[in-house]
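> Structure, please.
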Amino acid sequence: MKPNKKVLLIGGTSGIGKALLERMLEDHKVEQIFATYHRRQPITNYPDIKDPNTKSTDTKNTDTRYKVVWLAMDVTSEPSIEQAIEQISEHVDHIDWVINAVGLLHNGSHQPEKAVRQLDPDFFIDNMKVNALPSLLIAKHIKPLLQARLKAGVPSETDPAIYVTISARVGSISDNKLGGWYSYRMSKAALNMGMKTLSIEWQRSLKNVCVAVMQPGTVDTPLSKPFQTNVPDEKLFQPQQCADNLLTVLSQLTVEDTGYFVDWAGKPIDW
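Numbers count the residues shown, from 1 in each chain. As a prediction, the model looks like this:
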């Protein structure tokens, strides 16, 4: 990873997102992190936390005391996404990396379906709204801040911008051997198609950006907790290990890797 990275991390409050935030806080090559939360800004012991309401004139391009800026974002609401990105533009003139770590597998009333008779339309739509749509809406509004990297003099040929979304292997149609999990599988497959399509568009209109979809493996988080029984110990990653794996792969991505679906070790996954 080249130094002075400015990163937008969607979903910085739990699971994989929180682990990514903690690892990037330790990395001197990451200059600033814009981390989003949904309803309530977390109370943390992190150093250098900044309130997003601080006036831009106090921070833009000059204040290096603050590494994290917390931003409210409801990923199912385009106005909320647009507002958060407008706040980012008040602090920095460009973004280098965008990582979307938000996902839905189950909630208080629904678990992944074992059979089609369990399919609930509202739960299905919720999966689509959280897993499939946000990365496209974020891309729609963050594009100017990615474009601005060139104006900022960032050598994009050797240091591309990264736009990555955490997906899941169960979103691979060719890898589906077990069935079930209709809402989750279909929403992740839709996400993968959306990111593949975005990568093709941005190859034409937004040069030197790598759009990728990443599979983090099975991680010991509340999202996967009900489904860990049959996972071998060596294949159940702790969040910190997962974050290390993902950041290693991210730092090695090139423009030629755009449109790839890769796992936590950087190995391609069939669509």
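
> from memory I142 sits against V98, does it?
Yes. Between I142 and V98 there is a contact under Cβ atoms under 8 Å: 5.8 Å. Glycine gets a C-beta too; all of them are placed from N, C-alpha and C.

> Overlap in contacts, those two.
By Cβ atoms under 8 Å, 6 or more residues apart in numbering, I142 and V98 have these common neighbours: L8, Y163.

> Low-confidence stretches in the protein?
1-3, 43-65, 155-158, 222-235 (pLDDT under 70).

> Farthest from the middle of it: give me that residue.
R117 (31.9 Å; Cα atoms, centre = their mean).

> How about the helix of greatest length in the chain, which residues are buried there?
The single longest helix within the chain, with elements called by DSSP state H, is helix 182-205. Neighbour-count burial for helix 182-205, counted by 16 or more other Cβ atoms under 10 Å, picks out 182-192, 194-196, 198-199, 202.

> likewise stretch 214-222?
In stretch 214-222, residues buried by neighbour count (16+ other Cβ under 10 Å) are M214, Q215, P216, G217, T218, V219, D220, T221.

> Could you pull up phi and psi at the third one?
Per-residue torsions, P216: phi -80, psi 0 (degrees, to the nearest 10).

> so what's it up against?
So P216 contacts I16, I166, F237, C242, N245, L246, W264 (Cβ under 8 Å, 6+ apart).

> Let me have those in CSV, extended by distance to G153.
Listed next are those as CSV, based on distance: Cβ to Cβ, whole Å:
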residue, distance to G153
I16, 32
I166, 30
F237, 37
C242, 33
N245, 31
L246, 28
W264, 33
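
> Which one (most neighbours) among those?
Most neighbours among those, by other Cβ atoms under 10 Å: L246, with 28 neighbours.

> So the residue farthest from the centre of the chain: helix, strand or coil?
helix (DSSP: H, G, I helix; E, B strand; the rest coil).

> Same question for G266.
From three-state DSSP, the assignment for G266 is coil.

> could you check the distance from the residue nearest to A115 when sequence neighbours are not counted over to M186?
Leaving aside its sequence neighbours, A115 sits nearest to G180 (Cβ to Cβ, 6 or more residues apart in numbering; 7.2 Å). Distance of G180 to M186, given as Cβ to Cβ, to the nearest Å: 11 Å.

> likewise M24?
On the measure of Cβ to Cβ, M24 and M186 end up 31 Å apart.
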